[in-house]
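Novice: take a look and give me a structure for this.
(2 chains)
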2 protein chains.
Amino acid sequence: MNQIIETILNHRSIRSFEKDRPLSQEQIQTIVESAQAASTSSFIQAYSIIGITDKEKKTRIAELANNQSYVENNGHFFVFCADLHRHALIGKMEGKEVEPSIESTEKFMVALIDAALAAQNAVIAAESMGLGICYIGGIRNNLEEVVKLLKTPDRVIPLFGIAIGYPAKISGQKPRLPFNHVYHENVYEENEQKYIDELQEYNEIIQKYYEERTAGKRNDTWTSQMGTMLEKQSRMYMKEFIEGKKMNLR
Amino acid sequence: MNQIIETILNHRSIRSFEKDRPLSQEQIQTIVESAQAASTSSFIQAYSIIGITDKEKKTRIAELANNQSYVENNGHFFVFCADLHRHALIGKMEGKEVEPSIESTEKFMVALIDAALAAQNAVIAAESMGLGICYIGGIRNNLEEVVKLLKTPDRVIPLFGIAIGYPAKISGQKPRLPFNHVYHENVYEENEQKYIDELQEYNEIIQKYYEERTAGKRNDTWTSQMGTMLEKQSRMYMKEFIEGKKMNLR
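Specialist: Numbers count the residues shown, from 1 in each chain, chains lettered A, B, ... in the order given. Prediction:
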């Protein structure tokens, strides 16, 4: 196994960072350049990255994202955005009618995928420098507020934050779904019973994982966790919000 | 600069692979496990990966994706899918009403981002082994056909392919948007003229890049490329298609 795969397989979310150890400008630059090196659909480059250094803004974002302390206390906080704003501008510059295209669900998907590929490159680059990272989906709790704070225009959607810094505490690694459950050959698994059996097999692994880590206090299964989480309807404002920003419309 | 960042910054899409040099089962497994090591929103693991080994299926997918030869001729072809099918099943297993949640735009975004983070991990892992890769968005030209071929159920959306193999021809690296244009501090760039100036500065870089590579035959700008591409409305069936698969509905 080479060093890169070792780094990838060793990933865990870090939720506690060394205090007063901000990233250097050089580190920030390397992380952003690594993000930009990712593939981009038809060279569209449909994302932007906003680094938050303003203390008040950071505190406010942390509040919006469930008061997670590591959103406020880290080496640097990045917000990754799907961005078709510059493409709307290009329409004006080039005298082309681009709105139907950039308002489509297809281009919304392109922008999301572009931003996520870039983000994961940023993460691997950061981890390769000995930094820890945590994705912060919590910024989507209240995107209207985030948009006001970051002054993003229409067609720019803040998708998630990434807190990066020097790890103060290393967390455990949760076992993933079984290989055969995630990886199919030629056709998607058609045997529903096999699929359910695999989930039950995975449940046992997850129960054991929690039991060992909590000295028996916790032993929920993955499917019960997911059932409970998904029964709760969260961020149901999203469709209207995105459409209001003139994306995912047609 | 460490070896990992070197690998990331050295990325280029490879569109020609050595013939008859398939990936080994071990390589496939390492690539998928690397994908699975990526962060996943609230542990939801909302994606699946389908490897295509059946020759006829591969030929058909290549046809659907604009007859690009490297879709057919490569070391292995992966299809990455957004997947909330297993979560619908979990709803049944756990007796929870999960449909409103998994049919939301929020969860559609989660599944897309999850799949893309996993894919980029797979790509970096592959490149670290000396393999080349090319993302294939062309499978979205006709998803109804792809879904039939791969027999994916409702709530599974094939997003893109990744062709992986031993590079037969190394391509060039297109310069990315200027750092300052993509990376903002605290607030999104509010000065539209500065934004346009940056695009024009980038246009010159891109023109020079094409001129040098084509001995002066080609010298289009990035904004003209984007304007022409986005004026064309492509894959406008996507919204209806995704909704038909019971995602991005509310």
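Novice: can you pull the alpha-carbon coordinates of the helix ranked longest in chain A into CSV?
Specialist: Scanning chain A for the longest helix, with DSSP state H as the assignment, gives helix A:105-128. C-alpha atoms of helix A:105-128 as CSV (Å, rounded to 0.1, in the frame of the first residue of the first chain):
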residue,chain,number,x,y,z
THR,A,105,-31.3,20.6,-12.8
GLU,A,106,-28.5,19.2,-15.0
LYS,A,107,-26.3,22.2,-14.4
PHE,A,108,-27.2,22.3,-10.7
MET,A,109,-25.9,18.7,-10.5
VAL,A,110,-22.8,19.7,-12.4
ALA,A,111,-22.1,22.5,-10.0
LEU,A,112,-22.6,20.3,-6.9
ILE,A,113,-20.4,17.6,-8.3
ASP,A,114,-17.7,20.0,-9.4
ALA,A,115,-17.6,21.6,-5.9
ALA,A,116,-17.5,18.3,-4.1
LEU,A,117,-14.7,16.9,-6.3
ALA,A,118,-12.7,20.1,-5.5
ALA,A,119,-13.5,19.8,-1.8
GLN,A,120,-12.3,16.2,-1.5
ASN,A,121,-9.0,17.2,-3.2
ALA,A,122,-8.6,20.0,-0.7
VAL,A,123,-9.2,17.5,2.1
ILE,A,124,-6.7,15.0,0.9
ALA,A,125,-4.1,17.8,0.4
ALA,A,126,-4.8,19.0,4.0
GLU,A,127,-4.5,15.6,5.5
SER,A,128,-1.3,14.9,3.6
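Novice: wait, does it contact chain B?
Specialist: Yes. On the criterion Cβ under 8 Å from any Cβ of the partner chain, helix A:105-128 is in touch with chain B at A:105-107, A:109-110, A:112-113, A:115-117, A:119-121, A:123-125, A:128. For glycine as for every other residue, the C-beta is placed from the backbone atoms N, C-alpha and C.
Novice: let me know whether residue A:183 touches residue B:32 as I believe.
Specialist: Yes. Residue A:183 lies in contact with residue B:32 (Cβ atoms under 8 Å); the separation is 4.8 Å.
Novice: and residue A:172, what pLDDT?
Specialist: What the model reports as pLDDT for residue A:172 is 88.
Novice: swap that for residue A:80, please
Specialist: At residue A:80 the predicted local confidence, pLDDT, stands at 99.
Novice: hmm, back to that, so what's in contact with residue A:183 and residue B:32 at the same time?
Specialist: Among the neighbours of residue A:183, those also in contact with residue B:32 (Cβ atoms under 8 Å, 6 or more residues apart in numbering or on different chains) are residue B:49.
Novice: give me the low-pLDDT residue ranges for chain A?
Specialist: Low-confidence segments of chain A, defined by pLDDT under 70, are absent.
Novice: show me where it has its helices.
Specialist: A:3-9, A:25-36, A:55-64, A:69-72, A:85-94, A:99-102, A:105-128, A:143-150, A:179-182, A:192-213, A:222-231, A:238-244.
Novice: and stretch A:129-144, end to end?
Specialist: The distance separating the two terminal residues of stretch A:129-144, taken as Cα to Cα, to the nearest Å, comes to 34 Å.
Novice: near chain B, anything from that stretch?
Specialist: Yes. Judged by Cβ under 8 Å from any Cβ, stretch A:129-144 comes into contact with chain B at A:129, A:133-135, A:137, A:140.
Novice: with stretch A:70-77 instead?
Specialist: No. Against chain B, stretch A:70-77 shows no contacts by Cβ under 8 Å from any Cβ, the least distance being 10.4 Å.
Novice: cool, and stretch A:37-55?
Specialist: Yes. In terms of Cβ under 8 Å from any Cβ, part of stretch A:37-55 sits within range of chain B, namely A:37-39, A:41-45, A:47-54.
Novice: the residues you listed: which two are farthest apart?
Specialist: A:42 and A:54 (34.8 Å; Cβ to Cβ).
Novice: partner strands of the longest strand seen in chain A, with direction?
Specialist: Ranked by residue count, the top strand of chain A under DSSP state E comes out as strand A:156-165. Its sheet considered, strand A:156-165 pairs with strand A:76-83 (antiparallel), strand A:132-136 (antiparallel) by DSSP bridges.
Novice: quick one, that strand and helix A:55-64 angle?
Specialist: 100 degrees (axes from the mean of the first three to the mean of the last three Cα atoms, to 10 degrees).
Novice: now do strand A:156-165 and helix A:143-150, the angle between them.
Specialist: Angle of strand A:156-165 versus helix A:143-150, following the same axes, to 10 degrees, is 70 degrees.
Novice: and strand A:156-165, what's buried?
Specialist: A:156-165 (16 or more other Cβ atoms under 10 Å in any protein chain shown).
Novice: wait, which of the residues you listed is closest to residue B:229?
Specialist: With Cβ to Cβ as the yardstick, the closest approach to residue B:229 among the buried residues of strand A:156-165 comes from residue A:156, at 19.6 Å.
Novice: list the contacts for the closest one?
Specialist: Residue A:156 touches A:48, A:81-85, A:147, A:245, B:188, counting by Cβ under 8 Å, 6+ apart.
Novice: ok, which pair from those residues is furthest apart?
Specialist: Across the contacts of residue A:156, no pair lies farther apart than A:84 and A:147, at 14.6 Å, counting by Cβ to Cβ.
Novice: so for these two, which sits in the more crowded spot?
Specialist: Looking at residue A:84 and residue A:147 with other Cβ atoms under 10 Å in any protein chain shown, you find the greater number of neighbours at residue A:84, namely 29 against 20.
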